[in-house]
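Novice: no sequence on this one, just coordinates:
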């Protein structure tokens, strides 16, 4: 269904969800205020974590990965750089090919519970979703929202069925129903169903409920790979 272009974008033939203008404006204002506050408050702890990651293993402590943004008005999806604290060894991307046959999730997604590429510090920060904190920068810049479907990798897009693309008709999020409903315990199809349900139900109150549930998951590590 999607056609790849030389610049890394994809043409999908779909259109974004553009209704609810008041909700979208309020959501963007909340994204800016909330992410800006987190970035300011977490500056010193983030610097200390970066130091610990760098001392544990070589490589930049901030990892950037190309992800796909939401479907735009012309039907295209464009790539952007999503940021994380590095939770794997520096050669993790190169080692992925040798692990693909051990994928534990069906569909267009890779998950492995005991991934040998993950560092000791990485296991802790992944369990409690601390590795995702740099994405508050993506939220502040408008590339992501606090709540929404997780942005896919470009290599996952060719495996999408037509129904799967509907989850990409809204801005991707740092958290969402998948993150608070089991994460790695769920299949790809489960994630798609949760995202489509979110798109139908989305609103400020529902977003706030998902954020509150995310705080609990961060502390408990529930459903982490």
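Specialist: Arrived safely. From a predicted model like this one, the values you see are computed outputs, not experimental measurements.

Novice: And the most centrally placed residue in the chain, how close does it get to residue 195?
Specialist: Taking C-alpha atoms, centre = their mean, the centroid of the chain lies closest to residue 150, which sits 3.9 Å from it. Using C-beta to C-beta, to the nearest Å, residue 150 is found at 8 Å from residue 195. From N, CA and C alone the C-beta is placed, and that goes for glycine too.

Novice: okay, and the common contacts of these two?
Specialist: Listed as contacting both residue 150 and residue 195 by C-beta atoms under 8 Å, 6 or more residues apart in numbering are 176, 178.

Novice: Show me which helix or strand of the protein is least confident by mean pLDDT.
Specialist: helix 92-95 (a mean of 79; mean pLDDT, DSSP states H and E).

Novice: From the contact counts, what lies against that helix?
Specialist: The helices and strands touching helix 92-95, judged by 3 or more C-beta pairs under 8 Å, 6 or more residues apart in numbering; DSSP states H and E, number zero.

Novice: If you count neighbours, what's buried in the helix or strand just after it?
Specialist: Downstream of helix 92-95, the next assigned helix or strand under DSSP states H and E is helix 120-127. The neighbour-count check on helix 120-127 (16 or more other C-beta atoms under 10 Å) flags 121, 122, 125, 126, 127 as buried.

Novice: Now for the residues you listed: which two are most distant?
Specialist: Taking every pair in those and measuring C-beta to C-beta, the maximum separation is 10.9 Å, between 121 and 127.

Novice: my guess is the residue nearest to the centre of the chain meets residue 171, correct?
Specialist: No - taking contact to mean C-beta atoms under 8 Å, the distance of 11.5 Å between residue 150 and residue 171 leaves them out of contact.

Novice: Which strand or helix spans residue 27?
Specialist: Going by DSSP H and E, residue 27 is part of helix 21-41.

Novice: In terms of secondary structure, what does the next helix-or-strand element following that helix contact?
Specialist: Next helix or strand after helix 21-41 toward the C-terminus (DSSP H and E): helix 43-56. Judged by 3+ C-beta pairs under 8 Å, 6+ apart, helix 43-56 is in contact with strand 79-85, helix 120-127.
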